[in-house]
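> 3D model of this:
(chains A and B)
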Amino acid sequence: MKTSTRLQSGVAALALIAAGVATPALAQDVTLEYWVYSDFAQGDALALQQEFISEFIAEHPGVTINITGKGDDDLTAGQVAGAASGTLPDVFMNAAGVGAQLVSVGALSNLYDQWMAMPEEYRAQFDEDALNICMPNPGELYCLPYTGFGSLLFRNLTVLEKAGIDTTTPPATWDEWLDQMKTIKEAGFYGIPDQTLVFNSIAATYAMAGDESNWGIDWETRTTKIDPEVMTKVLQMFVDMVPVNSGTSRNDQATKDLFISNQLAYHAIGPWVDPTYRQAAENGLDYDYVLLPSVREGDHGGIKSYEIIGVAPGDNQEIAFEFAAFITEKQQMVRWAKLLSRYNANAAAMADPEVADLPLIARSVESVKYALQTHPPYFVDTVPNCYLSTIIDFASATADGEYTPEEGAKEMIDELNYCLEG
Amino acid sequence: MPARRHLPHYLMVAPFVILFAVFFLYPIGSGLFYSFHDWNAVKPATFVGFDNYARILSSRDFERAMWNLGTYIIITVPLGILVAFGLALLVDSFTGAWGAFFRGAYFLPVVLPAFLAATIWRWIYTPNFGLLNMILGWFGIESINFLNDTSTMLYSLIAVDIWISAGFNMVIILAGLKNIPSELYEAARLDGANKLQQVVYVTIPMLGPVLFFVITYGLISAMQVFDKPWLLTGSSFTSYGGRRNALLFPVMDMMGRAFGAVKFGEAAAYGFLLTIAIVFVTALMFLVRNLRAPR
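Predicted coordinates for the structure are as follows:
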């Protein structure tokens, strides 16, 4: 009996000790799954991400963070499927443009309360436009703005000089730019890629003639905000660019090769091509980057877009938010910007003296002041495929002469409204 | 008692039946269920009857995707098999190392990852200075924007598809050719048959079952075409199908509805419509073969 009692007490004591030890450990032993774009999970970018993770873990013992890189579509598909199956990553990147899909499937937590609990000093760091994207309604915040870009106009200075163009000042207006491109074509080079083949290059061109008030979607009435007069002007620009374009899209590898091999004068795109061009510069490529001109002097075209950090609902939501807040905080964003020389949504980081003077960042900061969002507003409703494809179709068809710019603009807008009606 | 006697048999088939039920029957049943529901994969599904099917059947994208698919199948399946058959005859005429070399060379595109094949072809099709346009330029033909001109996009895809699939079909047909007894050709030659007549009267009839497999497999694959047009048009879940949807196909449309528009109920209905079409075509193929089979 005694033996049995002793045994029972021993087991109970062991259980208590085990529970005592295990309870605090369980509270801290958390593994966060962190999904990023694949280019954030390789090379120097991965090394820096891992540094952030190590620093966070050092401050939060017991937390493990697994970083996984995924391509654009895999990222979205994985998050949608993860929301359905309860296997969402805890913290993840994606484009602000797919925010509405992610909210609709419940992949994004409303972080508003946690955000408001953060010190004012932290909350004031972010670019206001970028932050507003994440806040579709009062009391809602579905993401923390992270990285981003503004359109830049890369200029091949060798081509421009061979065509006899003064490279000291960039084209101030669309008319001036078009004249330059005609001169370039006459000199035997291509002016620009075909701007009608990719939605973002159409949007960047639209921004040269339009503004926020006539771009995007009015979800209340489910109609496009595109103004027929502005679109007519834009379609006329595409018609004017036909004789000077290379026929390749802005995203084609062939476009970069044309630029590097001194056959293409201008490439309007985001800053991500800069590492390639910088490497080519070691072999003689002479280039720079300026802002896209506008139809109005002193104004500029181009688009801007942001990548976001989202946090999944669930048991790890709090610590996941802490991690998201840590990586988007100024100090980390300064290091990120310095490493990659890339713009991000932390305005305080962009204003930091160590970063603000980096040429690509300085130009990007300037660019986003003028640029339009790609298809605003985000986080409200899912933009149907037909919306983007209709814009591409009518832009290309008008450039090909199937419609006059007036007809193209009118039919495009009718078609867009039909598409939005669903 | 009989149940107990057959217990070992049931146990032996159980692993297959369980896996088949979990990974095949359950997803099919679940897909059928959701095809009658408005469901975004997370929120509770709402029964909508045949609305998803009606919405798909009346949508312009579905009409366009089916039209593209029909044209694609009509050209790509017979042409692909003809090319594979020609290559198989050619490779069969080589012996030793040359035979192995050509077999390997023609099969190479089959093992290339789809994205690599698409990248190669995007290069070949590049306007103005792509390989194909350079060759056309030598003959004074103006540059063609193969992947953005709606009149050439489908044919550009078909060329890529045939380039990739010909090697696979060739290997199967080649295996069939090797099984044809040489006496049949000797007898044909003795009867005065020339090369073409030997192909028409000996090779093709003897390859009947192989060709049936290749055609049926080709049809089923063609109906599910996805990766090649997706990659050639640089599609994503929010923008796919290329200019004027000239390269929009049913599986792309289904994927877009699922992961772009987050309408999984509609996507499930789409999947069922496609499955019904595939089962119908396959059944038709078997019916035709049975009707033609000697009794």
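> how much space between residue B:148 and chain A?
Using Cβ to the nearest Cβ, to the nearest Å, one gets 6 Å for the distance from residue B:148 to chain A. The way it works is simple: take the backbone N, C-alpha and C, and place the C-beta from them, glycine included.
> How about the contacts made by the closest residue to that residue other than its chain neighbours?
Spatial nearest neighbour of residue B:148, excluding adjacent residues (Cβ to Cβ, 6 or more residues apart in numbering or on different chains): residue B:243 at 5.2 Å. Counting by Cβ atoms under 8 Å, 6 or more residues apart in numbering or on different chains, residue B:243 touches A:197, A:392, A:393, A:396, B:148, B:149, B:150, B:153.
> Which of the three states applies to residue A:310?
Recorded secondary structure, residue A:310: strand (DSSP: H, G, I helix; E, B strand; the rest coil).
> What number of neighbouring residues does it come out with?
27 (other Cβ atoms under 10 Å in any protein chain shown).
> per-residue pLDDT, it?
pLDDT, residue A:310: 97.
> partner residues bridging it?
Per DSSP bridges, the residues bridged to residue A:310 are residue A:92.
> That one contacts residue A:142, doesn't it?
Yes. Taking contacts as Cβ atoms under 8 Å, residue A:310 lies within contact range of residue A:142: 6.7 Å.
> What about the contacts of residue B:243, which are in helices?
Here DSSP state H is the test, and the contacts of residue B:243 give A:392, A:393, A:396, B:153 as lying in helices.
> picking that back up, neighbour count added to the contacts of residue B:243, as TSV?
Listed next are the contacts of residue B:243 as TSV, based on neighbours: other Cβ atoms under 10 Å in any protein chain shown:
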residue	neighbour count
A:197	25
A:392	20
A:393	24
A:396	23
B:148	25
B:149	15
B:150	18
B:153	25
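> Need the residues you listed in TSV (columns: distance to residue A:344).
Formatted as TSV, the contacts of residue B:243 follow (distance: Cβ to Cβ, whole Å):
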residue	distance to residue A:344
A:197	28
A:392	29
A:393	34
A:396	33
B:148	34
B:149	39
B:150	39
B:153	38
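> how about stretch B:183-202: buried residues?
By 16 or more other Cβ atoms under 10 Å in any protein chain shown, the buried positions in stretch B:183-202 come out as B:185, B:188, B:193, B:198, B:199, B:202.
> Same check on stretch B:270-287?
For stretch B:270-287, the neighbour count (16+ other Cβ under 10 Å) marks B:270, B:271, B:272, B:273, B:274, B:285 as buried.
> secondary structure element for residue B:63?
Assigned by DSSP states H and E, residue B:63 belongs to helix B:60-93.
> Is that helix positioned near chain A?
Yes. Contact of helix B:60-93 with chain A (Cβ under 8 Å from any Cβ of the partner chain) involves residue B:61.
> quick one on the thing from earlier: which one of the buried residues of stretch B:270-287 is nearest chain A?
Closest approach between these and chain A, by Cβ to the nearest Cβ: residue B:270, at 13.6 Å.
> Which strand or helix spans the closest one?
Taking DSSP H and E as the criterion, the element that holds residue B:270 is helix B:264-292.
> From the contact counts, what lies against that helix?
If you count contacts as 3 or more Cβ pairs under 8 Å, 6 or more residues apart in numbering or on different chains; DSSP states H and E, helix B:264-292 packs onto helix B:26-35, helix B:51-57, helix B:208-223, helix B:250-255.
> Among those helices, show me which one is buried the most.
For the helices and strands packed on helix B:264-292, average neighbour numbers computed from mean count of other Cβ atoms under 10 Å in any protein chain shown are highest in helix B:250-255, which has a mean of 23.
> That one and chain A, are they touching?
No. Under the criterion of Cβ under 8 Å from any Cβ, helix B:250-255 makes no contact with chain A; the nearest approach is 8.6 Å.
> Give me the residues contacting that helix.
Contacts for helix B:250-255 (Cβ under 8 Å, 6+ apart): B:61-62, B:65-66, B:69, B:223-226, B:229-230, B:235, B:237, B:240-241, B:267, B:270-271, B:273-274.
> Next: stretch A:267-280.
Outside stretch A:267-280, the residues that touch it by Cβ under 8 Å, 6+ apart are A:149-154, A:156, A:192-193, A:195, A:201, A:204, A:250-251, A:255-256, A:259-260, A:285, A:287, A:289, A:292, A:302, A:341-343, A:360, A:364.
> mind running it again at 6 Å?
Contact with stretch A:267-280 is made by A:149, A:151-154, A:204, A:250, A:256, A:259-260, A:287, A:292, A:342, A:360, A:364, as judged by Cβ atoms under 6 Å, 6 or more residues apart in numbering or on different chains.
> Stretch A:324-338 too?
Residues outside stretch A:324-338 that contact it (Cβ under 6 Å, 6+ apart) are A:52, A:56, A:91, A:125, A:144, A:146, A:309, A:311, A:344, A:346, A:348-349, A:352, A:355, A:361.
> go with 8 Å
By Cβ under 8 Å, 6+ apart, the list of residues contacting stretch A:324-338 reads A:48-49, A:51-52, A:55-56, A:91, A:111, A:118, A:122, A:125-126, A:144-147, A:309-311, A:342-346, A:348-350, A:352, A:354-355, A:358, A:361.
> now it: mean pLDDT?
97.
> List buried residues within the contacts of helix B:250-255.
Those of the contacts of helix B:250-255 that meet the buried threshold are B:61-62, B:65-66, B:69, B:223, B:225, B:229-230, B:235, B:237, B:240-241, B:267, B:270-271, B:273-274, by 16+ other Cβ under 10 Å.
> On the three-state scheme, the closest residue to chain A within the stretch 1-150 of chain B is what?
Minimum separation of the stretch 1-150 of chain B from chain A (Cβ to the nearest Cβ) falls at residue B:127, amounting to 3.0 Å. Taking three-state DSSP as the rule, one finds residue B:127 in the coil state.
> check contacts around it.
Applying Cβ under 8 Å, 6+ apart, the residues near residue B:127 are A:194, A:246, A:247, A:248, B:133, B:143, B:144, B:145, B:146, B:148.
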